[in-house]
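J.: I'd like to go over a predicted model; first the sequence, then the structure.
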Amino acid sequence: MTVSRIWRAFGLQPHRSATFKLSPDPLLIEKVRDIVGLYMNPPDHALVLCVDEKTQIQALDRTQPLLPLRPGQLERRTHDYKRHGTTSLFAALELKTSNVIAQLKQRHRSVEFRHFLDVIEAQVSAGLDVHIIVDNYGTHKTAMIRRWFAKRPRFHVHFTPTYGSWINLGNL
């Protein structure tokens, strides 16, 4: 209670933080205009997908099941858990409908990203162009990925500015 009183007295909120990093990307304005333009006025006969990955997600399982809730009683669970390793989540958020295409992978390399692109290609109607917004992560720019996109002219890649992944709606 003492700590709580001190925090309130001095207006401290250590649980809240704010950071900001200005992008040094020389194409910052062009990239922001490009991506915001897709959001504000998506092309006809096209799908806009915001793609991102969440890596090293811990796969945890409680040692005991949750106890059932009852009126007036909080959720009850054990404090301990079993570790089942880590996984990587690949996800594509569709701009117009908020539908998500997702896939879990054991690793996070360009080969897994390419397999995820195959999943996207299989799920998107062949008559639509596909605009994919991604950040500048290295797995998005390898020779294998560039070849994959080069063979599929209906796919258009839009990279977020350096340190600008915040502009990607799919940013998990």
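T.: Cool, the structure landed.
J.: burial measure for Ile167, as a count.
T.: By other Cβ atoms under 10 Å, the residues close to Ile167 number 19. Quick note: C-beta positions are derived from backbone N, CA and C, even for glycine.
J.: start the count at 47 instead of 1 going forward.
T.: Will do, 47 is the new start, and the previous item becomes Ile213.
J.: isn't it up against Pro207?
T.: Yes - counting by Cβ atoms under 8 Å, Ile213 touches Pro207, with 7.2 Å between them.
J.: what do these two both touch?
T.: 77-78 (Cβ atoms under 8 Å, 6 or more residues apart in numbering).
J.: now the one helix or strand Ile103 maps to: average pLDDT?
T.: Assigned by DSSP states H and E, Ile103 belongs to strand 92-108. What strand 92-108 shows for mean pLDDT is 83.
J.: centre of the chain to that strand, how far?
T.: Centroid displacement of strand 92-108 relative to its chain, using Cα atoms, centre = their mean, to the nearest Å, is 6 Å.
J.: extract the CA atoms of it and return them as PDB.
T.: Extracted C-alpha coordinates of strand 92-108, given in PDB (Å, rounded to 0.1, in the frame of the first residue of the first chain):
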ATOM      1  CA  ALA A  92      -7.400  -6.800 -55.400                       C
ATOM      2  CA  LEU A  93      -6.900  -8.100 -51.900                       C
ATOM      3  CA  VAL A  94      -4.700  -6.100 -49.400                       C
ATOM      4  CA  LEU A  95      -3.000  -8.300 -46.800                       C
ATOM      5  CA  CYS A  96      -1.000  -7.000 -43.900                       C
ATOM      6  CA  VAL A  97       1.500  -9.800 -43.100                       C
ATOM      7  CA  ASP A  98       3.600 -10.200 -40.000                       C
ATOM      8  CA  GLU A  99       5.200 -12.900 -37.800                       C
ATOM      9  CA  LYS A 100       5.300 -13.400 -34.100                       C
ATOM     10  CA  THR A 101       8.300 -15.500 -33.300                       C
ATOM     11  CA  GLN A 102       9.400 -17.500 -30.300                       C
ATOM     12  CA  ILE A 103       5.900 -17.800 -28.800                       C
ATOM     13  CA  GLN A 104       6.100 -20.100 -25.800                       C
ATOM     14  CA  ALA A 105       3.900 -23.100 -26.000                       C
ATOM     15  CA  LEU A 106       2.800 -23.500 -22.400                       C
ATOM     16  CA  ASP A 107       0.200 -25.700 -20.800                       C
ATOM     17  CA  ARG A 108      -1.000 -25.500 -17.200                       C
END
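J.: thank you, goodbye.
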